[in-house]
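[1] Structure of the sequence below:
(chains A and B)
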2 protein chains.
Amino acid sequence: MVKVVDGKVIAGEIKQRVKENISELMKKGYEEPCVATVKVGENKESNLFLNLKDKACVEVGVKPLRVEFPLDSSVDEIVGEINKLNSDEGVHGVVVQFPLPKHVSMHRVISSINQAKDVEGLTPYNLGNLVMGEERTIPCTPLAVLKILEHENVKLEGANVVIVNHSPVVGKPLDVLLLNRDATVTVCHVYTKDLKRHTKNADVLVVAAGVPGLITSEHVKEGATVIDVGITKTSNGVKGDVVFDEVKKVAGIITPVPGGVGPVTVACFLENMLKIYRNCVEEK
Amino acid sequence: MVKVVDGKVIAGEIKQRVKENISELMKKGYEEPCVATVKVGENKESNLFLNLKDKACVEVGVKPLRVEFPLDSSVDEIVGEINKLNSDEGVHGVVVQFPLPKHVSMHRVISSINQAKDVEGLTPYNLGNLVMGEERTIPCTPLAVLKILEHENVKLEGANVVIVNHSPVVGKPLDVLLLNRDATVTVCHVYTKDLKRHTKNADVLVVAAGVPGLITSEHVKEGATVIDVGITKTSNGVKGDVVFDEVKKVAGIITPVPGGVGPVTVACFLENMLKIYRNCVEEK
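    Numbering: from 1, shown residues only, chains lettered A, B, ... in the order given. Here you go, the predicted structure:
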């Protein structure tokens, strides 16, 4: 029998723990934790996700702050504002909402975040520590995938893991995170020839291609763990990359979309926020 | 016919270019480039390599400086010295010689190097930029592997690459470097089950296990490119990880040991040094 992972349950456990910890810290007299999200221009899908994140923040006692820029803002204006947030003692975490407009260098914007306030673990400092095996703040989506694998007791040491995504936000940090746990990791992407040959041998398959229907039962080994990070809005609702009804007959463990990786990613964001907030107030 | 890569030729070309560039910069009146190597305790093999590096430095016009600590030195003493080198205007590059004694945190020592003087590209900042696809100073061994692949016109986009090593100095940064070039990359190591199944499908196989004789002709696909990073001193001389005489009958391109990756790694060290020196003097 296939096990369908309930992301909401895992997220609920994480959020409950975060909420209790924040409540305890505030009882000690520390100020309210606050996370600022820098957003440039408008994007329906990212607005939806941002609203979910803000709601989750309020639930656990984190104050969400939005700093919005018009689409034609310059990199200097955005970096200038991030520098202000970096030195604002009332702000504990700084996040940049993707996508950024094309004329804005993601690297320059992300690099300008003070690593101590880097809730999403995407600054060069935090990513580099990950490569060194010194895990500080881990990017939220890779962390969510790891939390799910740990929750389901999936053995990583020596496991054949295939990741379909090689972005700096998901695929590459997840690759490193799982290598740090001694998995054998293959990273595939749009340039990969014969994707099936790779995925078919995976004990753990993580897909984040954003291509609904990409992964069918033919791609999956009997009993494999299949983690679907894809989220695409279609006329039939939100879809993952995996043909769920078909693949669940082959897989041993599978995450649904929606209700799988998504809610755990939001919970991991809150967990990162707690960690950063704790470091900040306890250092003062 | 197999092509046996001559690492000395590739290294010679790089060194010649570095030498000419340094000579031009010095003609402009800039000070002599200087690299300081911090060494803790004695280790025969690392001494040998260090002597080679120092000799190569002198050849291209870089002044090598050694800062030696006894084996029982504390992390604080070592980091204190690195901080002095970081602010010494006569020193352009700072390198830490491996291995470090067990009581010394590699992460703390490496992290203390000013990223602008990080010749080996191993600070969190430089490794993190690599993950972001913003390549600044690239670690020398991964860079040497890339230079060889480029020199031999090996296509990386869409190629199946297998790396046998998952250390933060070789395997993980090489993994990221080749993902940045859209290869499909699998990282194997001592926990990998059925290594042969992975290596047998590789268009490009990079081995850095330090286990002489690990890779036989049975591990290699007909026509594959085989890069041997292994260096082990045996009673029969220095040996790589690949059974050369056997694998060269199967491979399309192969690097020997010695005379393959080794000299190119030293040349890449000098190239990194030139880059850092140029940034330093031209910024003043």
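[2] Go ahead and confirm A:Ala183 touches A:Val154.
    No - look at A:Ala183 against A:Val154 with C-beta atoms under 8 Å: they stay out of range, at 9.8 Å. For every residue, glycine as well, the C-beta is placed using N, CA and C.
[3] Identify the contacts common to those two.
    By C-beta atoms under 8 Å, 6 or more residues apart in numbering or on different chains, A:Ala183 and A:Val154 have these common neighbours: A:Val204.
[4] Pick out whichever of these two has more residues nearby.
    Shown here are A:Ala183 and A:Val154; by other C-beta atoms under 10 Å in any protein chain shown, A:Ala183 has more neighbours (26 against 19).
[5] The more buried one and A:Leu127, how far apart?
    To A:Leu127, A:Ala183 is 19 Å away according to C-beta to C-beta, to the nearest Å.
[6] can you check A:Val247 too?
    With C-beta to C-beta as the criterion, A:Val247 and A:Leu127 are 31 Å apart.
[7] More neighbours: which of the two?
    Shown here are A:Val247 and A:Leu127; by other C-beta under 10 Å, A:Leu127 has more neighbours (30 against 23).
[8] Quickly find the element holding the closest residue in space to the more buried one that isn't next to it in sequence.
    Leaving aside its sequence neighbours, A:Leu127 sits nearest to B:Gly128 (C-beta to C-beta, 6 or more residues apart in numbering or on different chains; 3.7 Å). Assigned by DSSP states H and E, B:Gly128 falls within helix B:124-131.
[9] Likewise for A:Arg66?
    Here A:Arg66 is assigned to strand A:63-69, by DSSP H and E.
[10] For that strand, name the packing helices and strands.
    If contacts are counted by 3 or more C-beta pairs under 8 Å, 6 or more residues apart in numbering or on different chains; DSSP states H and E, strand A:63-69 sits against strand A:34-40, helix A:44-60, helix A:75-87.
[11] Could you dump these into JSON lines with mean neighbour count, distance to chain B and mean pLDDT added?
    JSON lines is the format used below for those (neighbours: other C-beta atoms under 10 Å in any protein chain shown; distance: least, C-beta to the nearest C-beta, whole Å; pLDDT from 0 to 100):
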{"stretch": "strand A:34-40", "mean neighbour count": "22", "distance to chain B": "18", "mean pLDDT": "97"}
{"stretch": "helix A:44-60", "mean neighbour count": "15", "distance to chain B": "20", "mean pLDDT": "91"}
{"stretch": "helix A:75-87", "mean neighbour count": "16", "distance to chain B": "14", "mean pLDDT": "98"}
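[12] Could I get the ones you listed in a markdown table, plus columns for distance to B:Glu150?
    Formatted as a markdown table, the helices and strands packed on strand A:63-69 follow (distance: least, C-beta to C-beta, whole Å):
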| stretch | distance to B:Glu150 |
| --- | --- |
| strand A:34-40 | 36 |
| helix A:44-60 | 38 |
| helix A:75-87 | 32 |
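[13] Out of those, flag the one nearest B:Gly237.
    Across the helices and strands packed on strand A:63-69, B:Gly237 has its closest neighbour in helix A:75-87 (54.8 Å, C-beta to C-beta).
[14] residues making contact with the closest one?
    Residues contacting helix A:75-87 (C-beta under 8 Å, 6+ apart): A:36, A:38, A:40, A:67, A:69, A:91, A:94, A:96, A:103-105, A:108-109, A:112-114, A:117.
[15] need the residues of the stretch 151-284 of chain A near chain B, please.
    Contact residues, the stretch 151-284 of chain A versus chain B (C-beta under 8 Å from any C-beta of the partner chain): A:157-158, A:160, A:166, A:168, A:171-173, A:175-176, A:179, A:182-189, A:191-193, A:197-198, A:201.
[16] Tell me which entries of those residues lie within strands.
    A:Asn160, A:Thr184, A:Val185, A:Thr186, A:Val187, A:Cys188 (DSSP state E).
[17] If we go by neighbour counts, what in the top helix by length along chain A is buried?
    Counting residues, the longest helix found in chain A (DSSP state H) is helix A:261-283. By neighbour count on 16 or more other C-beta atoms under 10 Å in any protein chain shown, the buried set for helix A:261-283 is A:261-278, A:280-281.
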